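Novice: Curious how this folds, go ahead:
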Amino acid sequence: MATIQIKNLLLRTFIVFNPEELVNKQDVIINIEIETDIPEKALETDEPDGIVDYKTITKKVIALVQDGRFKLLEVLTKNVLDLVMEDLRVKKARVEVDKPHALRFAESVSVQLERER
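Specialist: Residues are numbered from 1 along each chain as shown. Below is the predicted model of the structure:
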């Protein structure tokens with residue numbers, strides 16, 4: 001079992017809960033952890049056949065987040081996790097989405113969700 005980590009993916013989206021948030025996109029920081037098997041053949045041949053393509057997953061996450069509008073950080077986190085789990089080779093995934101400066105005196109607020117097959 002291998003773990004792939006996508007760390008500190010900084011994107012902008014609408015997290016619209018308060019009226020003042022309707023106008024401007026806000027930063028979110030996304031961390032994704034994917035547990036998967038790496039086929040022995042891929043390790044022997046140095047070819048990507050049968051592996052989880054983290055670049056493709058990241059591109060899908062970017063499109064989802066930047067094109068989306070969300071009321072709740074929880075829903076954004078769930079949608080990212082759903083997207084990661086679309087690849088059947090993903091055995092387990094954990095997604096954490098941070099919203100920097102969401103609370104006064106706090107660096108950020110985050111929601112973390114995890115799913116396993």
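Novice: quick one: the helices in the protein?
Specialist: Using DSSP state H, the helices assigned to the chain run over residues 40-45, 54-67, 73-85.
Novice: Extract the CA atoms of the shortest one and return them as PDB.
Specialist: Output in PDB follows, covering the C-alpha atoms of helix 40-45 (Å, rounded to 0.1, in the frame of the first residue of the first chain):
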ATOM      1  CA  GLU A  40       4.500  -4.400  -9.200                       C
ATOM      2  CA  LYS A  41       4.800  -4.000 -13.000                       C
ATOM      3  CA  ALA A  42       4.800  -0.200 -12.700                       C
ATOM      4  CA  LEU A  43       7.600  -0.400 -10.200                       C
ATOM      5  CA  GLU A  44       9.600  -2.800 -12.400                       C
ATOM      6  CA  THR A  45       9.100  -1.000 -15.700                       C
END
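Novice: What residue, apart from its backbone neighbours, is nearest Ile32 spatially?
Specialist: Ile6 (4.2 Å; C-beta to C-beta, 6 or more residues apart in numbering). (Each C-beta comes from the backbone N, C-alpha and C, glycine too.)
Novice: I'd like to know how many residues surround the one you found.
Specialist: Residues near Ile6, counting by other C-beta atoms under 10 Å, number 17.
Novice: OK, contacts around it?
Specialist: By C-beta atoms under 8 Å, 6 or more residues apart in numbering, Ile6 lies in contact with 30-34, 54, 57-58, 61.
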